[in-house]
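# Quick one: sequence plus predicted model below, questions after.
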Amino acid sequence: MAIERTLSIIKPDAVKGQHIGQIIARFEAEGLRIAGARLCQLSRREAEGFYAEHSARGFFGELCDFMTSGPVVVMALEGDDAIARNRAIMGATNPANAEPNTLRKLYAASVGENAVHGSDSPAAAAREIAYFFRSIELS
Ligand code: GDP
């Protein structure tokens, strides 16, 4: 397996619910290292740019409203097969369909407000990490 980096976001619902610590502890327990991390409030423009691939979807406005509704934690996670492993730890987009003990089953309330984001491919991981971090901010 290759060592990869992937972008994780703890979304506003999980920050408000005070689950930052539990989510980071879970990543570390699963062997994913935090290579970079920042708490920040996304602007509308930043949220729209991040989710640009979804701009034609009916839920795009709602998604950007949600992602700007409070602070988020953006992180670069590093480890063996980190992209797929983070997606497995997160669970399905809709928490109703998520496996037991996944982050979305544990912490998400709905398909829209679903606690965490994770890059879904190497190309997305590269784009998304560069969207939030300069290389000097990662170690
Ligand atoms: P992900 O890769 O599992 O995050 O899922 P997608 O790439 O399909 O969707 C991106 C994000 O858009 C999801 O994590 C949700 O926050 C949001 N989203 C997806 N489907 C819906 C929907 O039907 N309604 C709303 N409000 N948001 C959605």
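It's in.

# What residues does this structure have near the ligand?
Selection of the chain residues close to the ligand by Cβ under 6 Å from any ligand atom yields His54, Phe59, Glu62, Leu63, Thr93, Val111, Gly112, Asn114, His117, Asp120. Bear in mind the C-beta positions are built from the backbone N, C-alpha and C, glycine included.

# Can you pull the phi/psi pair for the third one?
The phi and psi values for Glu62, taken as degrees, to the nearest 10, are phi -60, psi -40.

# quick one: contacts for the nearest residue to it once chain neighbours are set aside?
When the adjacent residues along the chain are set aside, Glu62 lies closest to Gly112, with 6.0 Å between them (Cβ to Cβ, 6 or more residues apart in numbering). Gly112 sits next to Phe59, Glu62, Leu63, Phe66 when contact means Cβ atoms under 8 Å, 6 or more residues apart in numbering.

# Give the helix, strand or coil label for the last one.
In other words, Phe66. Three-state secondary structure (criterion: DSSP: H, G, I helix; E, B strand; the rest coil) places Phe66 in helix.

# give me every residue that touches it.
Residues in contact with Phe66 (Cβ under 8 Å, 6+ apart) are Lys11, Pro12, Asp13, Gly112, Glu113.
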